[in-house]
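Asks: only the shape, not the letters, is given here:
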């Protein structure tokens with residue numbers, strides 16, 4: 001008799017692959033909800049529920065997910081999972097694969113504390129499963145209300161949650177780093193209390209508003225932010241969207257001046273791996289390389305499966321000649337945290 005598989009693991013894997021493929025949120029939630037409903041139940045209990053038909057009566061379990069569970073319990077890989085795995089992407093080219101192998105963590109990720117889809121522990125568990133050594137949690141700042149940005153009080157509460165999680169992870173070889181994706185305000189100031197920013201491990205500063213500001217004003221805005229001693233990373237610098245319903249052009253600014261300031265102040269230019277962003281464009285990425293900038297290759301993940309989008313950023317970085325030693329998240333976590341600005 002074939003041994004049963006782990007239905008919860010299979011459901012989580014399906015959700016992960018759907019997220020990585022940027023599929024609809026409702027579809028992902030169906031599988032994550034079912035996995036949550038079944039977590040902690042043993043195979044005998046699940047088999048009894050499936051045999052009696054009671055499985056479909058559990059909140060969060062539907063016909064499709066129940067079918068996957070039945071297939072797992074029968075020792076078969078769920079058909080849904082098989083189909084998703086058959087459509088996984090092609091292997092990276094050698095240079096990109098070498099860079100991806102060197103990446104130790106992700107410096108830009110979101111949880112359901114702001115506009116992400118999953119709680120902090122789920123994001124951390126997935127990052128560990130992917131072989132990361134660390135994950136920086138960078139939920140949004142207060143002014144971005146559409147993304148449920150964190151007030152100072154909510155951010156402090158998250159810092160306590162991260163500290164507790166790290167206590168549980170002692171000895172695991174993995175660490176959760178504190179951070180924020182802080183809005184760059186119209187005048188270049190940052191949308192969070194300076195003393196609180198000083199407590200964080202990594203501060204990603206991004207423009208999210210007035211993206212069509214005149215070039216001269218946008219340049220000054222970005223230069224002011226980059227010169228702020230709390231900023232570690234300049235996030236998705238052009239703000240462009242290249243796919244989907246939210247397509248928008250690049251913001252206009254003096255890229256040479258902004259990248260020179262990044263190099264001067266030790267602020268990394270983010271290579272954003274989200275498929276709708278792919279920011280900066282290759283011509284600007286090459287300019288940043290020539291200017292001597294540091295970089296991070298980040299997923300900007302808003303769901304666990306999106307944490308596996310690093311391949312796209314590594315491919316773009318390799319194609320544009322980004323040196324591995326200038327990518328901060330190829331560094332050991334101790335070096336990343338001790339970096340002198």
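Replies: Received, thanks. From a predicted model like this one, the values you see are computed outputs, not experimental measurements. Numbers count the residues shown, from 1 in each chain.
Asks: now do the helices in this structure.
Replies: Assigned by DSSP state H, the helices in the chain fall at 7-20, 25-38, 43-52, 63-73, 79-86, 94-102, 120-129, 152-168, 194-199, 215-227, 255-265, 282-291, 310-319, 333-338.
Asks: low-confidence stretches in the chain?
Replies: Across the chain, the ranges flagged by pLDDT under 70 are 1, 87-91, 340-341.
Asks: contacting residues for the most centrally placed residue in it?
Replies: The centre of the chain sits closest to residue 301, judged by C-alpha atoms, centre = their mean, with a distance of 2.4 Å. Residue 301 is in contact with 106, 108-110, 116, 123, 307, 309, counting by C-beta atoms under 8 Å, 6 or more residues apart in numbering. Quick note: C-beta positions are derived from backbone N, CA and C, even for glycine.
Asks: quick one: stretch 67-80 to chain centroid distance?
Replies: 29 Å (C-alpha atoms, centre = their mean, to the nearest Å).
Asks: ok, now stretch 246-266?
Replies: Centre to centre, stretch against its chain (C-alpha atoms, centre = their mean), the figure for stretch 246-266 is 21 Å.
Asks: how about that stretch: buried residues?
Replies: Taking 16 or more other C-beta atoms under 10 Å as the basis for neighbour counts, the residues of stretch 246-266 that come out buried are 250-255, 258-263, 265-266.
Asks: distance of residue 322 from residue 131?
Replies: Taking C-beta to C-beta, to the nearest Å as the measure, residue 322 falls 21 Å from residue 131.
Asks: of those two, which one has the most company?
Replies: Residue environment comparison for residue 322 versus residue 131 gives the larger neighbour count to residue 322, 25 against 11, counting by other C-beta atoms under 10 Å.
Asks: now do the contacts for that one.
Replies: Listed by C-beta under 8 Å, 6+ apart, the contact partners of residue 322 are 99, 271, 285, 289, 295.
Asks: might one say that the fourth one is in contact with residue 316?
Replies: Spelled out, that is residue 289. No - distance between residue 289 and residue 316: 11.4 Å, which falls outside the contact criterion (C-beta atoms under 8 Å).
Asks: the more surrounded of those two?
Replies: Comparing residue 289 with residue 316 by other C-beta under 10 Å, the one with more neighbours is residue 316, at 21 against 18.
Asks: please name the nearest non-neighbouring residue to the more buried one.
Replies: Nearest non-adjacent residue to residue 316, counting by C-beta to C-beta, 6 or more residues apart in numbering: residue 271, 6.1 Å away.
Asks: these two touch, right, that neighbour and residue 294?
Replies: No - with contact defined as C-beta under 8 Å, residue 271 and residue 294 do not form a contacting pair (11.0 Å).
Asks: more neighbours, these two?
Replies: In this comparison of residue 271 against residue 294, neighbours counted by other C-beta under 10 Å, the higher total goes to residue 271 at 26 against 21.
Asks: what's opposite that one in the beta bridge?
Replies: residue 297 (DSSP bridges).
Asks: how much space is there between it and residue 324?
Replies: If you go by C-beta to C-beta, the gap between residue 271 and residue 324 works out to 13 Å.
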